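**Student:** fold the following, please.
(2 chains)
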Amino acid sequence: MLAASEPVTLSVPSIDVRTDLLSLGLRENRTLEVPPGEPGSPAGWYNQSPTPGERGPSVMLGHVNATDGGDGVFAGLRQLGAGDRIEVSRKDGSTAVFEFQRGETYMKNDFPPLEVYGNTAGSELRLITCDGYNPETGEFDDNYVVYATLVN
Amino acid sequence: MNKKMRLLAVPTLALGAIALAGSPALAADSSYSSTLGQLNGTTGTGSITVDVTGDQAAVKLQVSGLAETFMDGPYPHVQHVHGGAQGVCPTAADDANGDGIVSVTEGAGRYGDILTTLTTSGATTPAEGLNLELGGQGGSYTIDRTITLDDATKASLEAGTAVVVVHGLDPATAGVPEAVFASPSDLDPALPLGATSPALCGTLVKTQMAAMPSGGADTGVATQSSNTAGMIALGGGLVLAAAAGGVFVVRRNAANNA
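**Tutor:** Numbering: from 1, shown residues only, chains lettered A, B, ... in the order given. Sure, this is the predicted structure:
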């Protein structure tokens, strides 16, 4: 495990993602802030979660789509599979390397907070995006969460 | 049209970033959580998060699958933060009188006295501990409210000895004869023992997350609809926004909050 250092960029070579990371907090209603929805928007790190490489679940958020109807930065998360690496560069110049463990789909109205955000024995990463597009409402009913663990 | 929209979207990205930077980032002093374990034959589940800021605590308790009915009405489940003892939950071995149910009194050596009553509304003092009207009603419910912590509860949280206990057993799964279930409660002889005994229990542990988010994330961009008219309306909104430089038009039409 690594000492605390805020993340700067996230890269997932297997799905060709490389993005700067915004620093995101909570809204008034305690839900997560999300990055802007415009095309080309970066992903973000939830700044009240552990920094990537520290003990605990570090949380990253990215949109599945964009306001132009095209892909968001995390559109390809579902293609991730066993062994895929996720790399996070950090302010102290180090890189935390994580390995994909599993992906889970949760209905937003039945989201298990402690499974996703609860304490972990080691350093872990959570990549969160949306899923379950509902054409009747134009909204996304689900979250897709990638669970990854620190390799180095 | 696609290319045009991309071009027009550039200034709105900058505006979106400004709007984001201006939104408040709430941080709790500390967060605590627990996945509740089952006692006395309970088959339901529960979890709780507590975000403490000063003397205020945002509590979110979710339980499901507990006993649903009691005397033809919704089953009232009272729940408390206990503390000042070992900070752990009792086990079947704590059933001192051997009647098959670990009562509140028998468990108190492990989790201590009631410090805070997690009521659905109103006062949260120990005095409300058996106020059935302010308990959770039925087998599945959520308590999501901000309460004021007293010093004893706060100290117990910080010491790691605060334990959440949800009461009220299911006669169908408690595994004791009806006469035992219905025998007088150690807390109030007017109530059956089974109705007050601990069903779910968990120690509140400080979370690695400085503040627990509520629920999932709005990481899909809401599109007004999937049909062509909707896309034209969206494009129109962006044109207006670019011309006026107004972020409000953009936010209404392309609400970033799916």
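
**Student:** what's the burial count for residue B:45?
**Tutor:** Number of residues near residue B:45 (other C-beta atoms under 10 Å in any protein chain shown) recorded here: 16. Backbone N, C-alpha and C define where each C-beta goes, glycine included.

**Student:** pretty sure it contacts residue B:65?
**Tutor:** Yes: applying C-beta atoms under 8 Å as the test, residue B:45 and residue B:65 come out as touching, 5.9 Å apart.

**Student:** residue A:24 against residue A:32, yeah?
**Tutor:** Yes: under the contact definition of C-beta under 8 Å, residue A:24 touches residue A:32, with a separation of 6.5 Å.

**Student:** between the two, which contacts overlap?
**Tutor:** With contacts defined as C-beta atoms under 8 Å, 6 or more residues apart in numbering or on different chains, the residues shared by residue A:24 and residue A:32 are A:46, A:61.

**Student:** the closest residue to residue B:38 other than its chain neighbours: neighbour count?
**Tutor:** Among residues not flanking residue B:38 along the chain, residue B:200 sits closest, at 6.3 Å (C-beta to C-beta, 6 or more residues apart in numbering or on different chains). Applying the criterion other C-beta under 10 Å, we find 29 residues in the vicinity of residue B:200.

**Student:** could you measure residue A:33 against residue A:42, distance?
**Tutor:** Applying C-beta to C-beta, to the nearest Å, the value for residue A:33 to residue A:42 is 13 Å.

**Student:** same drill for those two, tell me which one is more crowded.
**Tutor:** residue A:33 (23 against 17).

**Student:** now that one. Nearest residue, chain neighbours left out?
**Tutor:** Across the structure, with C-beta to C-beta, 6+ apart as the measure, the residue nearest residue A:33 apart from its sequence neighbours is residue A:24 (4.2 Å).

**Student:** please apply the same query to residue A:29.
**Tutor:** Spatially, and ignoring its direct neighbours in sequence, residue A:29 is nearest to residue B:214 (6.7 Å; C-beta to C-beta, 6+ apart).

**Student:** quick one: the one you found is in a strand?
**Tutor:** No: assessed with DSSP: H, G, I helix; E, B strand; the rest coil, residue B:214 is coil; it does not lie in a strand.

**Student:** which ones are touching it?
**Tutor:** Under the criterion of C-beta under 8 Å, 6+ apart, the contact partners of residue B:214 comprise A:29, A:30, A:31, A:113, B:60.

**Student:** just the buried members of those residues?
**Tutor:** Buried positions within the contacts of residue B:214, assessed by neighbour count (16 or more other C-beta atoms under 10 Å in any protein chain shown), are A:30, A:31, A:113, B:60.

**Student:** find me the pLDDT at residue 108, would you?
**Tutor:** Here I'm looking at chain A. At residue A:108 the predicted local confidence, pLDDT, stands at 91.

**Student:** actually chain B
**Tutor:** In the predicted model, residue B:108 carries a pLDDT score of 96.

**Student:** ok, now the one 10 residues further on?
**Tutor:** The predicted local confidence for residue B:118 comes out at a pLDDT of 98.

**Student:** kindly report the same for residue B:243.
**Tutor:** Confidence per residue is given as pLDDT, and for residue B:243 that number is 36.

**Student:** and residue B:26, by the same measure?
**Tutor:** The model reports residue B:26 with a pLDDT of 53.

**Student:** how about residue B:123?
**Tutor:** Model confidence at residue B:123, given as pLDDT, is 97.

**Student:** give me the neighbour count for it.
**Tutor:** The burial metric for residue B:123, expressed as a neighbour count using other C-beta under 10 Å, is 13.

**Student:** same question, the one 4 residues further on
**Tutor:** Under the neighbour criterion other C-beta under 10 Å, residue B:127 is assigned a count of 10.

**Student:** point out where the chain drops to low pLDDT.
**Tutor:** With no chain named, the answer covers chain A. Scanning chain A for pLDDT under 70 picks out A:152.

**Student:** try again with chain B
**Tutor:** Filtered on pLDDT under 70, chain B yields the residue ranges B:1-27, B:223-258.
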